[in-house]
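Novice: Below is the sequence, then the predicted model.
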Amino acid sequence: MKSIPVLLMGCGGVGRQLLEHVVNCRALHSRQGVVLRMVGVCDSRSLLVVDDVATKGMKDSFLMEICRAKSSGSSLASLLSLGQCQIFKDSEMMDKIIDIAGHLGRSTGLAVVDCSASSETVSILKQAVGLGCCIVLANKKPLTCGIEAYEKLISNFRCIRFESTVGAGLPVIASVNRVLASGDPIYHIVGSLSGTLGYVMSEVEAGKLFSKVVQEAKSLGFTEPDPRDDLSGMDVARKALILARLLGRRINLNDIKVDSLYPDELGPNSMSTEDFLSSGLSSVDRDFQEKVRAASLKGKVLRYVCMIEGSRCEVGLQELPKDSPLGRLRGSDNVVEIYSRCYKDSPLVIQGAGAGNDTTAAGVLADIIDLQDLFQ
Ligand SMILES: NC(=O)C1=CN([C@@H]2O[C@H](COP(=O)(O)OP(=O)(O)OC[C@H]3O[C@@H](n4cnc5c(N)ncnc54)[C@H](OP(=O)(O)O)[C@@H]3O)[C@@H](O)[C@H]2O)C=CC1
Ligand SMILES: N[C@@H](CC=O)C(=O)O
């Protein structure tokens, strides 16, 4: 039986769902000859680690306790009384992760999985790569900071997976990689890559208020922790950057043209996420309803579109025919069209659920399992 030691960073919506999938897939993985050994789990404040990372893993009952504690708002520290783990807090936490990465990276191997929404994990991930670990990301931020950090993270391409960063569980990254690996040059990618914005557009078209559907998208697990990351277009811009960099473009986030759906005065420098959701957001309702109505009078719908072509990389709101591939999208579905030499007149199209904890965590789990040949 192959054993994959895993250290999880982030146990919010996606991280907890990943732990549940790991537990629920035990029998399946066992039939496939692979077992995931959870050696550590951390959130923004503390890290729980098994007492012997070389041989032990957290019991499934303990993983479920982590999910229960975190979804009820309790801290990881509250689980220490269950006696299965050691705890490391704040600055000790980073040092301990690096210590484990150093210990396991060159022996059993270790998959460091980033289900946080933080840019602070990039330093741990870079060091983990240097220490011979594999990394799996749902978090887009490490891949969308400076180009040097990106190049370090992908420097051992066999050891990194990041399928869930674009299109959640949809096989977008895998498809782009396969097309490129076959020598087929990709000329153009166009798509609707935000589950949140897709949901918002189609629900506002159906007559609901913008502010209400943004709240709904948040409670359905589609949005980023701060929904302004979605509404500003930055989350789509990060996805566009990940795709553009895969195509070999050495560009940065600020090279991408981005349209925001809310004015600057509602931004993170002016108000908290809570104030934005409870009062700021509703001030956009009228303006947005007007845009949707104006498009509808022309027989069109609004879609937030990502476009990569040559040196151009843009994301923004467009009025599109209702019966176009993007116009027909409903709810949180994403669609990506890839145009290359082989897929010239008829593009390679990937479509389906593009956000949500379940599908995202499933994508992360599939990525971890995909690394199994690198483990003993
Ligand atoms: N939801 C979706 O549909 C999709 C999400 N993703 C990505 O998945 C990631 C997770 O999203 P989601 O679960 O909704 O986010 P949440 O906000 O629910 O959870 C984030 C978790 O990360 C933890 N965290 C924050 N900073 C750090 C840090 N420095 N080190 C370790 N852990 C940290 C938080 O800790 P604490 O609990 O202490 O706050 C929390 O447990 C995001 O990057 C998102 O973009 C990708 C594709 C789709
Ligand atoms: N907030 C994102 C989640 C997936 O990346 C979205 O809405 O698409």
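Specialist: That came through fine. Numbers count the residues shown, from 1 in each chain. Ligands and ions are numbered 1, 2, ... in the order given.
Novice: so what's the backbone phi/psi at the residue of the chain lying at maximal distance from its centre?
Specialist: Distance from the centre of the chain peaks at residue 297, with 35.5 Å (CA atoms, centre = their mean). Backbone torsions of residue 297, given as degrees, to the nearest 10, read phi -60, psi -20.
Novice: what does the one 3 residues further on give?
Specialist: Backbone torsions for residue 300, taken as degrees, to the nearest 10, come to phi -120, psi 170.
Novice: got it, and residue 176?
Specialist: In terms of degrees, to the nearest 10, the main-chain angles of residue 176 are phi -60, psi -40.
Novice: my read: residue 42 touches residue 48, true?
Specialist: Yes: counting by CB atoms under 8 Å, residue 42 touches residue 48, with 7.1 Å between them. Placement of C-beta: from N, CA and C, glycine included.
Novice: Which residues are in contact with each of those two?
Specialist: Overlap of the contact sets of residue 42 and residue 48 (by CB atoms under 8 Å, 6 or more residues apart in numbering) consists of residue 76.
Novice: Residue 169 contacts residue 365, doesn't it?
Specialist: No: counting by CB under 8 Å, residue 169 does not reach residue 365; the two are 9.3 Å apart.
Novice: near ligand 1, which residues of the stretch 251-376 of the chain show up?
Specialist: Counting by CB under 6 Å from any ligand atom, the stretch 251-376 of the chain comes close to ligand 1 at 355-357, 360.
Novice: Report the two members of those residues separated by the largest distance.
Specialist: 355 and 357 (8.8 Å; CB to CB).
Novice: ok, now which ones touch the closest residue to residue 263 other than its chain neighbours?
Specialist: Using CB to CB, 6 or more residues apart in numbering and skipping residues adjacent in sequence, the residue nearest residue 263 is residue 284, 7.8 Å away. By CB under 8 Å, 6+ apart, the contact set of residue 284 is 210-211, 261-263, 266.
Novice: Let's see the pLDDT reported for residue 10.
Specialist: Looking at residue 10, its pLDDT reads 98.
Novice: circling back to that earlier point, how near is the residue farthest from the centre of the chain to residue 290?
Specialist: 11 Å (CB to CB, to the nearest Å).
Novice: Looking at the stretch 151-300 of the chain, which residue is nearest ligand 2?
Specialist: residue 196 (3.2 Å; CB to the nearest ligand atom).
Novice: Isn't that residue up against residue 355?
Specialist: Yes: counting by CB under 8 Å, residue 196 does reach residue 355; the two are 6.3 Å apart.
Novice: list residues touching both of these two?
Specialist: With CB under 8 Å, 6+ apart, residue 196 and residue 355 have common neighbours 222, 332.
Novice: just to confirm, which helix or strand has the closest residue to residue 93 other than its chain neighbours in it?
Specialist: Spatial nearest neighbour of residue 93, excluding adjacent residues (CB to CB, 6+ apart): residue 47 at 4.3 Å. Using DSSP states H and E, residue 47 falls within strand 46-50.
Novice: relative to strand 46-50, how tilted is the helix or strand that that strand is followed by?
Specialist: Downstream of strand 46-50, the first helix or strand assigned by DSSP H and E is helix 60-71. Counting by axes from the mean of the first three to the mean of the last three CA atoms, to 10 degrees, helix 60-71 lies at 170 degrees to strand 46-50.
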